[in-house]
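# build me a structure from this.
(one chain, ligands or ions: 2)
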Amino acid sequence: MIFFPINNIIGDMKEKRAKAILIDVIDLDTPKDEARKRLGELENLVNTYGSIVVVKTIQRKGKPDYETYIGKGKVEEIRLTGKEKKAEILIVNNILKPRQVFNLQEILRKDEIKVWDRIDLILKIFDKHAKSTEAKLQIELAGIRHMGPRIYGMGIELSRQAGAMGLRAGAGEANIEIMKRHLRKHELSIQQKLKHYDLIRAGHRKRRRRQNLKTVALVGYTNAGKSSVLNALTNKGAYVADQLFATLDTRVGKLYIKPKIQNNKKYVKGMEILISDTIGFIQDLPPSLIQAFKSTLAETVEADLILHIIDITDSQIHKKIKVVEKILDQLGLRDKPKLYVFNKIDLIPEIQQPKELRKPVRPKGILRAGKNTAKILGWESEKPKFKAAEDPGKLKRNYEKFSPVFVSANEKINLDKLIEKIEGKIKKYSQT
Ligand SMILES: Nc1nc2c(ncn2[C@@H]2O[C@H](COP(=O)(O)OP(=O)(O)OP(=O)(O)O)[C@@H](O)[C@H]2O)c(=O)[nH]1
Ligand SMILES: [Mg+2]
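Ligands and ions are numbered 1, 2, ... in the order given. Next up, the predicted model:
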């Protein structure tokens with residue numbers, strides 16, 4: 001009898017508050033600062049999942065170990081520390097080959113430490129956050145695609161071991177075949193169910209096109225504030241949280257742009273625009289995961305305009321912009337009309353905001369005084385905790401072709417400007 005957790009391919013959820021050891025294997029040239037940030041992001045992911053980090057470590061390696069990814073000495077070190085700290089999971093911040101996971105698991109099995117790679121962790125978070133049936137099915141599909149080769153690999157390995165011990169080697173292979181068929185059947189059945197949702201979505205999109213409704217899609221690195229922007233522009237009430245991958249479903253809200261009379265007395269018709277929010281992006285998101293979310297991302301693919309939401313306080317701002325652009329490329333969206341929306345400007349000192357946003361610091365009617373007067377009178381705010389990762393003026397120049405706009409979804413700063421730009425871009429591209 002084969003044991004196979006078909007109903008929950010990505011494992012049970014008992015590990016919720018499990019103690020975890022984190023390791024990131026990086027190459028020899030990765031700068032120290034970047035290494036620290038990578039580990040920081042991993043820790044964020046682990047916290048989002050709900051595990052407790054007991055040890056975190058980095059290994060610099062020219063080439064990952066063929067058998068165990070992590071170097072042999074380091075594995076032993078981890079095993080001993082893990083035992084001492086009663087760790088239950090080892091999380092490797094890289095994408096491992098099935099045999100590497102299997103080998104690591106074999107070494108750590110006796111100490112009851114499970115091994116996850118980065119994708120395992122992301123899948124677990126997805127699984128925990130998914131609410132709709134569609135999102136759950138998409139995650140199960142991604143899980144099968146990720147775990148499938150690992151399970152086959154395990155079968156082959158077990159079969160080889162059985163052969164070496166003089167047992168009937170063929171038994172393992174027969175089992176793998178049964179597993180493969182079983183998995184394939186299950187994968188097809190999920191795909192069938194997902195097709196049903198695809199059809200519903202396609203129907204919606206067709207109706208919108210018939211009604212000539214324009215659509216705008218929000219994209220961005222996870223936690224940039226996409227759902228917050230959706231809520232600020234519409235009254236959708238999307239779920240917002242200081243967590244990675246808080247959103248896993250597509251939500252669509254409506255933005256009404258009122259008709260207006262321009263300065264030259266010209267009447268400008270109002271507009272109704274649909275805005276869709278979707279799953280956030282992250283570095284090292286493998287194509288198979290994107291593929292599994294294809295139908296959700298279809299809203300993005302078919303949108304008239306993309307709003308790329310960027311957290312202006314993020315110290316890895318340029319890197320994250322690149323990650324998002326790369327994924328947009330993979331989705332075939334390189335040339336789609338785009339607006340860059342730098343969000344969370346409420347967190348940065350006013351002086352660093354672009355000129356147009358700077359508010360006068362001094363109350364009206366007070367004459368200019370000496371250098372330290374503002375400080376003495378307590379007008380100068382406390383030193384802010386955050387700062388812009390990059391000078392906004394520079395961001396504006398660098399990304400000029402994406403008509404950058406600086407907003408705060410939480411404090412509703414500069415949303416008029418954003419709406420104006422959305423309207424302008426949509427009009428421009430619907431004329432061409
Ligand atoms: N200070 C400040 N915080 C913000 C702003 N916009 C969003 N946030 C915070 O940033 C965190 C993430 O916001 P979300 O809107 O959930 O981000 P998201 O991009 O939808 O994230 P995922 O769905 O997890 O990918 C939350 O804690 C928000 O309150 C803003 O304008 N200012
Ligand atoms: Mg969200």
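# now do the SS call for Gln59.
strand (DSSP: H, G, I helix; E, B strand; the rest coil).
# which residues does it contact?
23-26, 70-71, 74 (Cβ atoms under 8 Å, 6 or more residues apart in numbering). Just so you know, the C-beta spots here come from the backbone N, C-alpha and C atoms, and that holds for glycine as well.
# ligand 1 versus that one, what's the distance?
As judged by Cβ to the nearest ligand atom, to the nearest Å, Gln59 and ligand 1 stand 29 Å apart.
# the nearest residue to Ala202 once chain neighbours are set aside is in what secondary structure piece?
With sequence-adjacent residues excluded and distances taken as Cβ to Cβ, 6 or more residues apart in numbering, Ala202 is closest to Ala298, at 7.8 Å. Assigned by DSSP states H and E, Ala298 falls within helix 294-301.
# immediately after that helix, which helix or strand?
Immediately after helix 294-301, counting by DSSP H and E, sits strand 305-311.
# helices or strands up against that next one?
Packing partners of strand 305-311 (3 or more Cβ pairs under 8 Å, 6 or more residues apart in numbering; DSSP states H and E): strand 214-220, helix 226-233, helix 317-330, strand 338-343, helix 415-431.
# related to what we said a few turns ago, of the contacts of Gln59, buried ones?
23-26, 70, 74 (16 or more other Cβ atoms under 10 Å).
# which pair of the residues you listed spans the longest distance?
Across those, the longest distance by Cβ to Cβ is 12.6 Å; it joins Ile26 and Lys74.
# so which of the contacts of Gln59 is the closest to ligand 2?
Of all these, Asp24 has the smallest distance to ligand 2: 25.5 Å, by Cβ to the ion.
# how about that closest one, phi and psi?
phi -120, psi 120 (degrees, to the nearest 10).
# what sits against it?
By Cβ under 8 Å, 6+ apart, the neighbours of Asp24 are 35, 38-39, 42, 57-59, 92-94.
# what residues does the stretch 151-300 of the chain have near ligand 2?
Proximity of the stretch 151-300 of the chain to ligand 2 (Cβ under 5 Å from the ion) is limited to residues 226-227, 246-247.
# shouldn't Gln330 be in contact with Gln291?
No: with contact defined as Cβ atoms under 8 Å, Gln330 does not reach Gln291; the gap is 9.6 Å.
# which parts of this protein are strands?
Along the chain, counting by DSSP state E, strands occupy 19-26, 52-60, 89-92, 114-117, 214-220, 251-257, 260-261, 267-268, 271-277, 305-311, 338-343, 405-406.
# which residues touch the residue of the stretch 51-200 of the chain found nearest ligand 1?
Nearest residue of the stretch 51-200 of the chain to ligand 1: His129, at 8.2 Å (Cβ to the nearest ligand atom). By Cβ under 8 Å, 6+ apart, the contact list for His129 reads 243, 245-246, 248.
# alright, that wraps it up for me.
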